[in-house]
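1. fold the stuff below for me.
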Amino acid sequence: MGWFVRRIDLELDLPTPTMAQNETLLRALASILSMCPNLSIFASHAHPGPSFDDTYVLYLPDGLLAHLFRPNNALKRVDWSANNFIPFCSSLHHSPHLRVLNLHSFTGMPITWLDPSVSLPHLDTLVLNEDPRWLQADILSTWHLPSLQTLRLELSPDFGSDRFLRVHGHHLTTLSLHTPVSARPFHSIAHYCSYTPNVESLFFQLHHPPSFALFPPLPSTNYNYNVATPQQGQLHLQGHQPLPLPPPPPPPPSTQTLSNLKMIGIQGLLHFRGRSFDDGEEEQLHRHLTAMVRSRARMPQLKIIRLVDFDPESWKSEERTAREVARWQRWQLRWEMLGVRWEDREGMLMRVPDALLELLERRDLDDEEIYSDEEMAVDEELEGFSDYLSMSSTSGMWD
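-> Numbers count the residues shown, from 1 in each chain. Reported below is the predicted structural model:
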């Protein structure tokens with residue numbers, strides 16, 4: 001049956017395994033892999049701890065790599081969670097057909113440096129953790145990735161992907177930014193976009209600071225990785241061999257136009273059920289949308305804004321306020337006038353149900369009761385919007 005196996009998902013739940021258990025586990029996994037010559041997807045969801053700790057507890061020992069990455073393997077996707085990063089990367093040359101690589105669970109400082117000669121000619125999708133403590137982005141900046149198009153970046157308040165994005169950013173057509181909850185500030189969305197001038201699809205999370213339209217100047221790079229004194233033309237990471245300095249920096253965001261951007265996806269709308277958003281999500285969403293309207297001229301090809309987690313069934317709540325319904329309806333009209341589809345998670349056009357629009361008929365609210373000053377200012381900036389709004393009202397769109 002192993003001949004027909006195409007995917008293996010590895011789950012381990014051994015909090016304190018003994019050495020004997022680890023050896024048994026390794027033999028069993030090696031035997032399974034040896035019987036699956038056509039394996040194309042290997043997803044490890046094992047404990048993301050180190051390859052050994054103070055008591056030599058092995059989670060995914062290096063010995064398993066030879067069985068997974070045997071010569072002439074058929075692997076096309078690998079998700080890896082153990083922290084033997086350097087041995088893992090050293091095995092990748094056996095997988096020339098690899099298309100998807102997920103490295104975001106590596107959370108350990110590499111013990112030794114890697115010969116920067118990894119070449120994955122067909123890799124088009126990469127998941128990467130930019131935390132500078134783990135050096136992932138720096139190491140991968142030396143790799144040959146000519147087909148890379150999609151990057152999911154696990155962000156860090158300590159911006160750590162400058163080198164990688166300077167080398168590979170111009171190849172990217174899809175950029176997905178995943179922002180952990182932190183009290184510390186993150187770089188703006190525009191900062192990351194300044195490295196990816198050819199991006200066509202951009203995804204970010206609702207709680208990311210809504211500075212999309214501000215286009216702040218690109219700060220000077222500070223390689224805060226315990227850097228030794230560099231020689232001209234080289235960057236030294238203490239304990240590692242020198243790397244060439246990256247290419248010149250990209251244009252500052254203040255001069256940037258995302259001329260190829262066609263779609264923006266906003267993730268994180270998880271609390272829409274009930275009376276309103278939790279934890280200020282509604283205001284955060286409106287700030288993002290306002291910023292995007294003001295950046296519209298910098299995104300001339302934008303056609304879709306998708307609320308990736310928005311469940312249309314959420315509209316069935318009977319506790320929506322008239323103010324909330326009016327604000328959502330106004331955004332529907334703004335994007336409609338601008339020729340941009342405003343979509344839910346299914347890719348369907350966002351429409352406020354008629355039953356909820358009746359709330360607007362029952363309450364005669366002034367604009368000042370519904371919209372913030374910033375939203376009112378946006379409406380004034382949209383040339384022709386007041387006429388469009390009036391036409392929509394007379395044609396029954398508000399009925």
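2. could I get the full set of helices for the stretch 151-300 of the chain?
-> 162-168, 189-193, 281-294 (DSSP state H, counting those that start in this stretch).
3. most packed of those helices?
-> Ranked by mean neighbour count, these are led by helix 189-193 with a mean of 24 (mean count of other Cβ atoms under 10 Å). From N, CA and C alone the C-beta is placed, and that goes for glycine too.
4. next one: F69 from L98, what distance?
-> Using Cβ to Cβ, to the nearest Å, F69 is found at 10 Å from L98.
5. quick one: the strands in this protein?
-> Counting by DSSP state E, one finds strands in the chain at the ranges 7-10, 41-44, 77-79, 100-102, 125-129, 150-154, 174-178, 201-205, 234-235, 243-244, 263-267, 304-307, 341-343.
6. can I get those in JSON lines with distance to S188?
-> Shown next, in JSON lines, are these (distance: least, Cβ to Cβ, whole Å):
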{"stretch": "strand 7-10", "distance to S188": "36"}
{"stretch": "strand 41-44", "distance to S188": "33"}
{"stretch": "strand 77-79", "distance to S188": "29"}
{"stretch": "strand 100-102", "distance to S188": "26"}
{"stretch": "strand 125-129", "distance to S188": "19"}
{"stretch": "strand 150-154", "distance to S188": "14"}
{"stretch": "strand 174-178", "distance to S188": "10"}
{"stretch": "strand 201-205", "distance to S188": "10"}
{"stretch": "strand 234-235", "distance to S188": "25"}
{"stretch": "strand 243-244", "distance to S188": "27"}
{"stretch": "strand 263-267", "distance to S188": "15"}
{"stretch": "strand 304-307", "distance to S188": "18"}
{"stretch": "strand 341-343", "distance to S188": "23"}
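7. any idea which of those scores lowest on pLDDT?
-> Note on those: strand 234-235 shows the lowest mean pLDDT, a mean of 41.
8. A20 - how many residues pack around it?
-> By the criterion of other Cβ atoms under 10 Å, A20 has 8 neighbours.
9. same list (the strands of the chain) but as a markdown table, adding mean neighbour count and distance to M35.
-> Listed next are those as a markdown table, based on neighbours: other Cβ atoms under 10 Å; distance: least, Cβ to Cβ, whole Å:
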| stretch | mean neighbour count | distance to M35 |
| --- | --- | --- |
| strand 7-10 | 14 | 11 |
| strand 41-44 | 18 | 14 |
| strand 77-79 | 19 | 18 |
| strand 100-102 | 19 | 23 |
| strand 125-129 | 21 | 28 |
| strand 150-154 | 20 | 32 |
| strand 174-178 | 20 | 35 |
| strand 201-205 | 21 | 38 |
| strand 234-235 | 14 | 45 |
| strand 243-244 | 16 | 41 |
| strand 263-267 | 21 | 39 |
| strand 304-307 | 20 | 42 |
| strand 341-343 | 18 | 44 |
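10. for H94, find the nearest of these.
-> With distances scored as Cβ to Cβ, the stretch of the strands of the chain nearest to H94 is strand 77-79 (11.3 Å).
11. the closest one pairs with which strands, and in what direction?
-> Each strand paired with strand 77-79, and its direction, by DSSP bridges: strand 41-44 (parallel), strand 100-102 (parallel).
12. restrict the longest one to CA atoms and write it as PDB.
-> Put plainly, it is strand 41-44. Taking Å, rounded to 0.1, in the frame of the first residue of the first chain, the C-alpha atoms of strand 41-44 are listed here in PDB:
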ATOM      1  CA  ILE A  41       3.700  15.900   0.900                       C
ATOM      2  CA  PHE A  42       5.300  15.500   4.300                       C
ATOM      3  CA  ALA A  43       3.800  17.700   7.100                       C
ATOM      4  CA  SER A  44       5.500  17.500  10.500                       C
END
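13. contacts for it, please.
-> Contact with strand 41-44 is made by 6-10, 60, 68, 75-82, 102, as judged by Cβ atoms under 8 Å, 6 or more residues apart in numbering.
14. can you list the low-confidence ranges for the stretch 151-300 of the chain?
-> Under the criterion pLDDT under 70, the flagged ranges of the stretch 151-300 of the chain are 210-255, 270-280.
15. in stretch 138-150, which residues are buried?
-> Judged by neighbour count using 16 or more other Cβ atoms under 10 Å, the buried positions of stretch 138-150 are 138-143, 145, 148-150.
16. of all those, which two lie farthest apart?
-> With Cβ to Cβ as the measure, no two of the buried residues of stretch 138-150 lie farther apart than D138 and Q149, at 21.3 Å.
17. circling back to that earlier point, out of the strands of the chain, which is closest to L26?
-> strand 7-10 (12.1 Å).
18. who are the packing partners of that closest one?
-> Secondary structure elements in contact with strand 7-10, counted by 3 or more Cβ pairs under 8 Å, 6 or more residues apart in numbering; DSSP states H and E, are helix 19-34, strand 41-44.
19. at 7 Å instead, please
-> strand 41-44 (3 or more Cβ pairs under 7 Å, 6 or more residues apart in numbering; DSSP states H and E).
20. for L153, list each beta-bridge partner.
-> With DSSP bridges as the rule, L153 is bridged to L128, L177.
21. state the distance from it to E374.
-> Remark: distance between L153 and E374 (Cβ to Cβ) = 29 Å.
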